[in-house]
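Enquirer: Got a predicted model here, sequence first, then my questions.
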Amino acid sequence: MNITVQSIKFNADQKLIEFIKKRTEKLNQFLDNIIEGVCYLRLENVDDEANKVVELKFNVPGNQMFAKGQAKSFEEATDIAIESIRRQINKHKTKTRTNVSNHKEILNQEEEF
């Protein structure tokens, strides 16, 4: 999987970029046909301490997954966004399996006639 990290209006530290790439590579355990991923890092102008925003966008065949995490640190925001993507992957896999099993049932019913 190819992941691109873009920091908007600031320069991200190399350690942060490596952390994000390492965490996103673990998503391959859940779904191995992720085509590409993009990570956007932003600082929001808010009074709250949780002004670091990480947005993740992944392309998989037939679908696009997006998640946003906001926290006090980019690492924490990355974990929040990755957990959201992981839940979306599980939902996508369940939906795909259901569609395949329904398709097999329809084929079996047609063969009986």
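Expert: Received it, and whenever you're ready, just let me know what you need. Residues are numbered from 1 along each chain as shown.
Enquirer: Identify the residues contacting the residue most central in space within the chain.
Expert: For the chain, the residue nearest the mean C-alpha position is Ile85 (3.7 Å; CA atoms, centre = their mean). Going by CB atoms under 8 Å, 6 or more residues apart in numbering, Ile85 touches 27, 56, 58, 65, 67. In short, each C-beta sits where N, CA and C put it, glycine included.
Enquirer: how does it look with 6 Å?
Expert: By CB atoms under 6 Å, 6 or more residues apart in numbering, the contact list for Ile85 reads 56, 65, 67.
Enquirer: what's the answer for Lys57, then?
Expert: 38, 66 are the contacts of Lys57 under CB under 6 Å, 6+ apart.
Enquirer: what about it, which helix or strand?
Expert: Using DSSP states H and E, Lys57 sits within strand 52-60.
Enquirer: re earlier: looking at the contacts of Ile85, which is nearest Lys93?
Expert: Distance to Lys93, by CB to CB, is smallest for Met65 among those, at 11.7 Å.
Enquirer: Measure how buried that closest one is and give me the count.
Expert: 21 (other CB atoms under 10 Å).
Enquirer: okay, it: pLDDT?
Expert: Listed pLDDT for Met65 reads 95.
Enquirer: beta partners of it?
Expert: Using DSSP bridges, the bridge partners assigned to Met65 are Phe58.
Enquirer: and if you look at the one 5 residues further on?
Expert: Beta-bridge pairing of Gln70, defined through DSSP bridges, involves Val53.
Enquirer: which non-adjacent residue is nearest Lys68?
Expert: Glu55 (4.9 Å; CB to CB, 6 or more residues apart in numbering).
Enquirer: how much space is there between Asn59 and Thr98?
Expert: Distance of Asn59 to Thr98, computed by CB to CB, to the nearest Å: 22 Å.
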